[in-house]
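[1] need a 3D model of the following:
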Amino acid sequence: MNWIKNLKIRTKLLIGFGFITLITAIVGYLGITDLRDVAEQNDETYNNMTVPISELGEISTYFQRVRLETRDLLLAKTEEEVEENAQMIESHKASIDELADKFEKTIISDEVRQLFIEFKKAREEYGKDLNKLVSLAKAHMDAEGFAFLNGEMKTASDNEMKAIADLDDIKIKHAAQRNEEIQATASSTQTTLIILLVIGLIISIFIVFLFASYFSKKIKQVLEATETSSDILTNLAKGGEQLANGDLNINIVTETKHLEIDSKDEFGQLAENMNKVITNTQMTAVAIEKAVKAVKEIISETHLVVEASVNGELKTRGNASKFNGSYKELVEGLNNTLEAFAQPINEQSVVLEKFASGDLTGRMTGDYKGDFAEIKNSINNLADSFNNALSKVSEAVEATASASTEISSSAEE
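    Have a look, this model is predicted:
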């Protein structure tokens, strides 16, 4: 699954929301398909059940009108009334035939088809009886007509009525069964949709939680690293200020945990840049620690030399080889300064020691400048003054000795 981690955040979001959209589309498609199936079943029920039942109701109505017309046919007083009733019977029969043809086109079961065949047979028998009854009525054979109507014809009429009722009952039965099937399908569709919605919701929540957890974890790591880096930078600034003020008691934290984000998305790039910042910050902190250590060492070395000089140990020198760069130049400069002080003092001591031993020929010959040149000149002038004074004393002593010799010689004479 590393390839997912290496995808860009935009791609991750598109994949996540695309997957959620796909789930929604699947649920919607299945729901629409099931609803379409239910609608088709409803249309089928209407066309093959509801409409045929209505047609059977109309057939039954026209059949009852035919039966009434047969009675009125026999009760008619005139030929016009007989003819009018006969035409009404033919009209009702035509309506029944038309409705029967429509009904036959909606038959989808063998059971209904068999009952319809029986209906057609009964209708054919009843039709023959109607024709016979019309003939009797036109012949004004009313008594024979009534006897036929209430006898043989009644049986045919009852058979057709029963066939209509049987068709109506079976259609109602099939409609009820179909309705139960539609209800079961609708219930199943509803259950399926609920299950799919729940599954889709769970998957969507899981995807959202997965992304939220991933982004939260990465952002938290970055924020922690940023906060730590900020603390280090603040510590570095404080340490730099302490160093500038001569305070070498600096404590800088150099150990900072790097971000452990191995993805190649924007978080991975951010982590890589943050790790570079952390590394550079650590290097800066280490450099400052080295600088503080070097300053402490140079101060210690300087203190050692100064303390020796204060104690009159002018031969003590700083160890310049311990340092590099400007620090080395500083120690060498200090050593050169001490050397500049020590050389005239050492030569002065040698000359004074000669003076103390009675050798006034000693002189300072070093090439000195400033106050050291004045000291050199003063000592050399002092030596010259001593020499002049001693020469005069020696001359006076010699003159005195010569005079004494002359006086002594005169006395002896």
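[2] in what helix or strand does the most centrally placed residue in the chain lie?
    Nearest to the mean C-alpha position of the chain, counting by C-alpha atoms, centre = their mean, stands F215 at 3.9 Å. For F215, the host element (DSSP states H and E) is helix 152-244.
[3] from the contact counts, what lies against that helix?
    helix 9-45, helix 51-75, helix 110-138, helix 266-310 (3 or more C-beta pairs under 8 Å, 6 or more residues apart in numbering; DSSP states H and E). All C-beta atoms are positioned from the backbone trio N, CA, C, and that covers glycine.
[4] show me what counts as buried in whatever helix or strand comes next after the shortest one.
    Next helix or strand after helix 51-75 toward the C-terminus (DSSP H and E): helix 79-105. For helix 79-105, burial by neighbour count (16 or more other C-beta atoms under 10 Å) applies to 82, 85-86, 88-89, 92-93, 95-96, 99-100, 103-104.
[5] list just the nearest of the residues you listed to D371.
    F103 (143.1 Å; C-beta to C-beta).
[6] wait, that closest one touches S54, no?
    No: applying C-beta atoms under 8 Å, one finds F103 not in contact with S54, separated by 9.8 Å.
[7] joint contacts of the two?
    Residues touching both F103 and S54 (C-beta atoms under 8 Å, 6 or more residues apart in numbering): none.
[8] how near is the nearest residue to N275 once chain neighbours are set aside to N273?
    Once flanking residues are discounted, N275 sits nearest to H258: 4.7 Å by C-beta to C-beta, 6 or more residues apart in numbering. Separation of H258 from N273 (C-beta to C-beta, to the nearest Å): 12 Å.
[9] neighbour count winner among the two?
    H258 (14 against 11; other C-beta atoms under 10 Å).
[10] how close does that one get to I59?
    Distance, H258 to I59, using C-beta to C-beta: 91 Å.
[11] follow-up on the earlier one: now the angle from the helix holding F215 to helix 266-310?
    Interaxial angle of helix 152-244 relative to helix 266-310 (axes from the mean of the first three to the mean of the last three C-alpha atoms, to 10 degrees): 10 degrees.
[12] K171: what's it in contact with?
    Per C-beta under 8 Å, 6+ apart, neighbours of K171: 49, 52-53, 56, 112.
[13] can you tell me how far it is from K138?
    From K171 to K138 the distance is 38 Å (C-beta to C-beta).
[14] check N249 too.
    N249 is 140 Å from K138, where distance means C-beta to C-beta.
[15] neighbour count winner among the two?
    It is K138, of N249 and K138, that has more neighbours when counted by other C-beta under 10 Å, with 15 against 7.
[16] so that one is in contact with N85, correct?
    No: between K138 and N85 there is no contact under C-beta under 8 Å: 10.4 Å.
[17] thinking again about what came up before, could you dump the contacts of K171 to TSV with distance to S326, pLDDT and neighbour count?
    Below are those laid out as TSV (distance: C-beta to C-beta, whole Å; pLDDT from 0 to 100; neighbours: other C-beta atoms under 10 Å):
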residue	distance to S326	pLDDT	neighbour count
M49	108	82	21
P52	113	90	26
I53	113	91	17
L56	118	91	22
V112	115	92	22
